[in-house]
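J.: Model the structure of this input:
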Amino acid sequence: QVQLVESGGGLVQAGGSLRLSCAASGRTFSSDAMGWFRQAPGKEREFVAAIRWSDDSPYYGDSAKGRFTIARDNAKKTVYLYLNRLEPGDTAVYYCAKSSSDSGLTRPYNYDYWGQGTQVTVSS
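T.: Take a look at the predicted model:
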């Protein structure tokens with residue numbers, strides 16, 4: 001089994017920054033792609049960022065490009081999401097997820113394990 005535990009969410013003013021962490025436990029981490037999604041009330045789950053296991057290539061959703069950065073530390077089995085220049089529209093629950101595939105990482109159905117989520121609230 002795999003467990004994913006997110007942390008680092010909170011309340012921040014617009015323009016501020018946060019670092020989200022997702023710690024994985026269980027079977028191997030280094031050969032899994034990891035992704036971050038978010039979901040705001042009344043909205044569908046939205047792809048934010050992902051990082052491939054084969055070459056650490058990052059991928060970003062449109063809302064994240066230029067502001068967010070994804071990184072992983074295989075030794076710590078942790079993936080990070082650095083949120084910069086936050087806007088009120090970034091308010092959502094942020095989820096990390098694991099995929100055994102290195103493709104289709106923008107699609108939630110390609111992920112087989114999910115964390116419980118961490119709330120990010122950006123005030124104006």
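
J.: Now for Q119, how many residues are close by?
T.: 12 (other Cβ atoms under 10 Å). Every residue, glycine included, has its C-beta placed from N, CA and C.

J.: Okay, now the unreliable bits of the protein?
T.: Applying pLDDT under 70 to the chain flags residues 28.

J.: how about the helices in it?
T.: Secondary structure of the chain (DSSP state H): no helices located.

J.: tell me the centre residue of it?
T.: The chain has W36 as the residue nearest its centroid, 2.2 Å off, counting by Cα atoms, centre = their mean.

J.: who does that residue bridge with?
T.: For W36, the beta-bridge partners are A49, C96 (DSSP bridges).

J.: measure it to Y113 for me?
T.: 13 Å (Cβ to Cβ, to the nearest Å).

J.: Need the overlap of contacts for these two.
T.: A97 (Cβ atoms under 8 Å, 6 or more residues apart in numbering).

J.: partners of Y82 in the sheet?
T.: With DSSP bridges as the rule, Y82 is bridged to R19, T69.

J.: do you know how far it is from S101?
T.: When distance is defined by Cβ to Cβ, Y82 is 24 Å away from S101.

J.: V48 now?
T.: For V48 relative to S101 (Cβ to Cβ), the value is 18 Å.

J.: for E6, same thing?
T.: Separation of E6 from S101 (Cβ to Cβ) stands at 21 Å.

J.: repeat for S17
T.: In terms of Cβ to Cβ, S17 sits 31 Å off from S101.

J.: same deal with Y59?
T.: Relative to S101, and taking Cβ to Cβ, Y59 is found at 13 Å.

J.: Compare neighbour counts for the two and give me the winner.
T.: Y59 (17 against 14).

J.: residues in contact with Q1?
T.: G26, R27.

J.: now the one 5 residues further on
T.: Residues near E6 by Cβ under 8 Å, 6+ apart: L20, S21, C22, Y94, Y95, C96, G115, Q116, G117, T118.

J.: One more: Y59?
T.: Taking Cβ under 8 Å, 6+ apart, we find Y59 in contact with A49, A50, I51, R52, L105, T106.

J.: Good, we can wrap up now.
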